[in-house]
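What would the 3D arrangement of this be:
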Amino acid sequence: MSEAVRYVQRDQPPGVPPLELTGERTLPDVPEENYWFRRHLVVYQWIARRVAGLRVVDMACGEGYGSDVLAAAGAARVVGVDANPEAHEHARLRYVRPNLRFERDLVETFAEPCDAVVFLQTIEHVRNPDEVLEHFKSLVGPDGFVYVTTPNVLTLAPEGAERSGNPWHVKEYRPDEFRALCEAHFSSVELLGLFHARKLRLHELAIRHAGWDAIHARLRITKPFYDRFIPAISVRDFALREGPLDRALDVLAVLRP
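This is a model prediction of the structure:
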């Protein structure tokens with residue numbers, strides 16, 4: 001019986017311990033994970049353009065790349081918060097900026113006041129989403145922002161299934177369920193959807209209308225094709241926009257108290 005394939009970050013700076021891909025969080029520097037990494041990164045970059053000069057807390061920051069993006073874009077101060085000791089140590093050593101620091105803590109208990117809270121692709125992991133959102137609202141005060149994303153179960157799960165098979169997810173949301181959760185805690189709720197664009201959109205259409213899944217399997221080119229295709233995906237292959245959300249990959253909530 002063959003051992004499971006392990007994916008570990010490549011080419012880390014000297015003294016920075018690489019992280020192993022577990023499925024709980026996404027990582028840069030793992031070519032096989034590039035699709036998911038870019039899918040997360042494009043949202044961090046969108047938020048980064050809106051938090052210049054602000055005090056930002058990046059909750060459940062994981063490896064730390066998103067906190068670094070926010071700090072590099074001109075946030076006054078960024079605190080990346082994560083409870084995992086390996087992720088915290090990696091982030092602390094890898095991403096060093098005067099306006100960036102990392103704290104090992106739980107999202108429920110870290111309580112430093114700020115202007116914006118960022119909480120991406122994590123609310124589906126928590127058992128107490130109402131408590132978490134109330135906590136975030138208390139941190140940003142009456143004039144702050146909270147940015148939350150979650151995968152759309154309508155596109156994440158197999159067709160007809162109630163949820164995906166991700167063992168780390170406690171609750172997966174339909175867009176209307178996610179809106180209702182947010183509106184229970186915030187007076188202003190704006191939802192945007194993340195969609196495939198450019199070559200990912202073409203790939204999606206090829207699967208849906210041209211039977212590409214069957215074609216590459218029949219031609220026995222599946223692995224060579226995806227070994228090249230996945231590492232070539234960029235943030236430009238995703239689009240964040242308003243509109244009907246049932247086909248969105250992820251849903252971004254921009255929340256104000």
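
When you work out contacts or count neighbours from here on, use the C-alpha atoms and nothing else.
OK.

Could you tell me how many residues sit around the residue nearest to residue 21 when sequence neighbours are not counted?
In space, and not counting its chain neighbours, residue 21 is closest to residue 7: 5.5 Å by C-alpha to C-alpha, 6 or more residues apart in numbering. Look at residue 7: counted by other C-alpha atoms under 10 Å, it has 16 neighbours.

Check the gap between residue 7 and residue 251 for me.
Using C-alpha to C-alpha, to the nearest Å, residue 7 is found at 27 Å from residue 251.

Just confirm the residue nearest to residue 21 contacts residue 23, I think it does.
No - in this structure residue 7 lies outside contact range of residue 23 using C-alpha atoms under 8 Å: 10.3 Å.

quick one: residue 87 is in a helix?
Yes - inclusion of residue 87 in a helix is indicated when DSSP: H, G, I helix; E, B strand; the rest coil is applied.

unless I'm mixing things up, it is touching residue 80, no?
No - applying C-alpha under 8 Å, one finds residue 87 not in contact with residue 80, separated by 10.6 Å.

Between those two, point out the one with more neighbours.
Using other C-alpha under 10 Å as the criterion, residue 87 and residue 80 rank with residue 80 on top: 28 against 22.

quick one, phi/psi of the more buried one?
Dihedral pair for residue 80: phi -90, psi 120, per degrees, to the nearest 10.

Name all residues that make contact with it.
With contacts defined as C-alpha atoms under 8 Å, 6 or more residues apart in numbering, residue 80 is in contact with 57, 58, 59, 60, 61, 64, 67, 100, 101, 102, 103.

and it, what are its bridge partners?
Taking DSSP bridges, one obtains residue 58, residue 102 as the residues bridged to residue 80.

same check, this time on residue 252
Per DSSP bridges, the residues bridged to residue 252 are residue 149, residue 192.

Can you give me every residue that contacts it?
147, 148, 149, 150, 191, 192, 193, 194.

Which parts of the stretch 101-250 of the chain are strands?
Listed in chain order, the strands found in the stretch 101-250 of the chain under DSSP state E, counting those that start in this stretch are 116-120, 145-151, 188-196, 238-241, 250-256.

Switch those strands over to CSV; also include mean pLDDT.
Formatted as CSV, these follow (pLDDT from 0 to 100):
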stretch, mean pLDDT
strand 116-120, 98
strand 145-151, 98
strand 188-196, 98
strand 238-241, 97
strand 250-256, 98
